[in-house]
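> fold the following.
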Amino acid sequence: MPTTVASLAELTTLHLGGPARRLVRASDRDAIVTAVREADAAGERLLVVGGGSNLVVPDDGFDGTVVRLESRGHTVTHEDGGALLEAEAGEDWDSLVAASVDEGLGGLECLSGIPGSTGATPVQNVGAYGVEVADLLVDVTVLDRRTGAVATVPAAELGLGYRTSRLKGADDEIVLAARFRVTTDGLSAPVRYAELARVLYVEPGTRVPAADARAAVLELRRGKGMVLDEADHDTWSAGSFFTNPVVGKPIADEVARRVAALDQRPVTAWPTDDGRVKLSAAALIERAGVSRGYPGPDAPVRVSTRHTLALTNRGEGTTAQLLDLARDVRDRVEAAFGVRLVPEPVLVGGCAL
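You can find the predicted model right below:
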């Protein structure tokens, strides 16, 4: 049955956001489909919420129906050379990763500790430590709001790119479940990320026990305040607030020149397959003079004390203050280096930078 919710802050990892007019908790696929169809038939505005880890909700809330995905469970189908792991959209992502490791499956372990629901991972093409969902995703089951039909969409048709897909920024397809191709030998995907390889004491490209890779990733993420902990306000965030900008080589060269002129350490950069360069947003923020904890210990919303890509609510903040901080950080980077950072979370309703 629909209920009201005092504040959407209760459903987001930022602990920010005003009330919803109506909240429906959907416990399985059928309940999700029914709730969405009923809202559409009534002409209601609709917001679908999973783990709430990638949402910025206005202080005045959402004047419509919020459908909370609470579907749970996963199945494993073994096949030659591996297995297919299917999970419900409302399944907690890190719980799914933990279960896959416990069951001797490999592939998801580098995505450990990422908050949110499984259904959100293809939308954002979630990635970390050298692995992204696009590497593993087979297909998704979606409710097409335009037709009312439930369909299976292959990963190749989702437009998966760096922290994006055709599902991001659109609301006409609701993910109900996702399938991933995983290995069954208990080993991780090849370790691609240099920092992770160092922690594991292996060469890049090495496969290690999936449990070891998961433990190392969780250790790294905790050190950056990127594993949820209700007692730790450094984790009251939407994760990385900005994506790493991908720019042409002339722009990357100009950034390097400006950084050198400031006598700062070089900005970490990675070449992309299309000849462009991905720059570290965290490094750009730091070189622009925004330090951890900015703007100071008394600010109700501030940059994490452990990672400059996370903007955190210290307990008494508002969404308006968060957006003001995001604009400040973005504008400082653009003024210093001519690169405009783009937010990674979904900005709901009247939220805008």
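
> Thr308 reaches Leu284, doesn't it?
No - Thr308 is beyond contact range of Leu284, at 9.1 Å (criterion: CB atoms under 8 Å). C-beta coordinates here come from the backbone N, C-alpha and C atoms, glycine included.

> neighbours of Ala326, just the number please.
21 (other CB atoms under 10 Å).

> wait, is it part of a helix?
Yes - per DSSP: H, G, I helix; E, B strand; the rest coil, Ala326 lies within a helix segment.

> for Ser280, see how far away it is.
Plainly put, Ala326 is 18 Å away from Ser280 if you go by CB to CB, to the nearest Å.

> what of Gly82?
For Gly82, the distance to Ser280 - CB to CB - is 33 Å.

> same for the helix or strand hosting Pro250, what does it pack against?
Using DSSP states H and E, Pro250 sits within helix 249-261. Where contact means 3 or more CB pairs under 8 Å, 6 or more residues apart in numbering; DSSP states H and E, helix 249-261 is packed against strand 277-279, helix 319-337.

> turn these into JSON lines, including distance to Val123.
As requested, the helices and strands packed on helix 249-261 are exported to JSON lines (distance: least, CB to CB, whole Å):
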{"stretch": "strand 277-279", "distance to Val123": "21"}
{"stretch": "helix 319-337", "distance to Val123": "20"}
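
> let's have the ones you listed in TSV, adding distance to Ala9 and mean pLDDT.
Below are the helices and strands packed on helix 249-261 laid out as TSV (distance: least, CB to CB, whole Å; pLDDT from 0 to 100):
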stretch	distance to Ala9	mean pLDDT
strand 277-279	33	97
helix 319-337	9	98
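
> nearest to Leu23, of these?
helix 319-337 (18.3 Å; CB to CB).

> in the chain, which spans are helices?
Here the chain has its helices, by DSSP state H, at 29-41, 93-102, 120-124, 194-200, 210-223, 249-261, 281-287, 319-337.

> give me the number of residues near the closest residue to Gly293 other than its chain neighbours?
Spatial nearest neighbour of Gly293, chain neighbours left out: Thr305 (4.6 Å); criterion: CB to CB, 6 or more residues apart in numbering. Applying other CB under 10 Å, we find 16 residues neighbouring Thr305.

> same question for the one 10 residues further on.
The local packing count at Gly315 equals 10, with neighbours defined by other CB under 10 Å.

> next up, the contacts around it.
If you count contacts by CB atoms under 8 Å, 6 or more residues apart in numbering, Gly315 has them with His15, His233, Trp236, Pro300.

> where does the first one land on pLDDT?
It refers to His15. Looking at His15, its pLDDT reads 97.

> longest strand of the chain?
strand 173-182 (DSSP state E).

> quick one, that strand and helix 210-223 angle?
Angle of strand 173-182 versus helix 210-223, following axes from the mean of the first three to the mean of the last three CA atoms, to 10 degrees, is 130 degrees.

> what mean pLDDT does strand 173-182 have?
98.

> now what about that strand, what contacts it?
29, 32-33, 36, 48, 71, 82-89, 100, 105-108, 118-123, 133, 136-145, 150, 153, 167.

> bridged to Leu143, which residues?
Val150, Ile174 (DSSP bridges).

> who touches it in this structure?
Ile32, Val33, Val36, Ala149, Val150, Glu173, Ile174, Leu176.

> any chance of CSV for the residues you listed, columns distance to Arg257 and neighbour count?
As requested, the contacts of Leu143 are exported to CSV (distance: CB to CB, whole Å; neighbours: other CB atoms under 10 Å):
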residue, distance to Arg257, neighbour count
Ile32, 51, 28
Val33, 54, 17
Val36, 51, 23
Ala149, 54, 10
Val150, 53, 16
Glu173, 43, 18
Ile174, 46, 23
Leu176, 49, 25
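
> between those, which sits nearest Thr243?
Using CB to CB, the contacts of Leu143 come closest to Thr243 at Glu173, 21.8 Å.

> distance of the spatially closest residue to that closest one that is not a sequence neighbour relative to Val66?
Setting aside the residues directly before and after it, Glu173 is nearest to Val142 in space (CB to CB, 6+ apart), at 4.4 Å. Relative to Val66, Val142 is positioned 19 Å away (CB to CB).
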